[in-house]
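1. sequence and predicted structure, then a few things I'm wondering about:
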Amino acid sequence: MSITPQMGQQGQQQGQQFPTTSPYQQQGFGPQGGQQGFGTGTGSMEQLQQLGQQQPFQQLLQQLGGQQQPFGQAQQQDQQAQQQERQVQQELTQLAQQVVQQIVQQVQAQALASGVANGFIDIVHPLQGQPQQIFLRINGQFRVLNNPGPQIHQQIQEAFAFGHQIVGVWDTQSPNVLRSVRIQRV
């Protein structure tokens, strides 16, 4: 079938166009069927109402409607949120101060003491399930160093062999357990 110029003119006069997938064209927006375009004439309000009935636009209108609040109410909610934020900050500050105070008290209560060792017992091969230990005799009392590395074993043995000082450091709340050992070459 061929299109003659007359047929083409008839289609234009009747407002016919090629099929479209645009929702605006399908709902009567634009020059279709002799209707006037969007925003002109008396049909524009009806066209807007029809457009508002489409599902995507209904969802958008519902979302917007749910978010709209009177200015006074939104301002009140902002003030409440700021007040809650200040309250949370105050509580966090108080909690941090309490934690710091507890730590300071623990550190202050934790007094360290030290002394020079004049003998040792080195348990190189402990019983199964027992830790390796070195016992240093400091001020007439044995104090234990648990799980020393092989290098520590060797350094303590050499220090006693060469007459160096071995200083043990312990916490006064648990005086039988050494926290560290220092070898001073004299």
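-> It's in. This one's a predicted model, so the numbers in the text were calculated from it and none came from an experiment.

2. longest single helix anywhere in the chain?
-> If each helix of the chain is counted by residues according to DSSP state H, the longest one is helix 71-109.

3. so which elements touch the next helix or strand after that one?
-> For helix 71-109, the following helix or strand on the C-terminal side (DSSP states H and E) is strand 112-123. Counting contacts by 3 or more Cβ pairs under 8 Å, 6 or more residues apart in numbering; DSSP states H and E, strand 112-123 is packed against strand 133-138, helix 150-162, strand 165-171. For every residue, glycine as well, the C-beta is placed using N, CA and C.

4. got the angle for strand 112-123 vs helix 150-162?
-> Angular relation of strand 112-123 and helix 150-162 on a 0 to 180 degree scale: 90 degrees, by axes from the mean of the first three to the mean of the last three Cα atoms, to 10 degrees.

5. contacts for strand 112-123?
-> Applying Cβ atoms under 8 Å, 6 or more residues apart in numbering, the external contacts of strand 112-123 come out as 132-139, 142, 153, 156-157, 160, 165-172, 175, 179.

6. filter the residues you listed down to the buried ones and hand me the ChimeraX line.
-> What follows is the ChimeraX syntax for the buried subset of the contacts of strand 112-123, where burial is set by 16 or more other Cβ atoms under 10 Å:
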select :132,133,134,135,136,138,153,156,160,166,168,170
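
7. return the distance of residue 135 relative to residue 145.
-> As for residue 135, its distance to residue 145 is 8 Å (criterion: Cβ to Cβ, to the nearest Å).

8. now do the shared contacts for the two.
-> Overlap between the contact sets of residue 135 and residue 145, as judged by Cβ under 8 Å, 6+ apart, is nil.

9. what is the neighbour count of residue 143?
-> Residue 143 has 22 neighbouring residues, counting by other Cβ atoms under 10 Å.

10. how close does it get to residue 133?
-> As for residue 143, its distance to residue 133 is 11 Å (criterion: Cβ to Cβ).

11. and residue 77, by the same measure?
-> When Cβ to Cβ is applied, the distance between residue 77 and residue 133 equals 65 Å.

12. if we can go back for a sec, nearest to residue 97 among the helices and strands packed on strand 112-123 would be which one?
-> strand 165-171 (26.0 Å; Cβ to Cβ).
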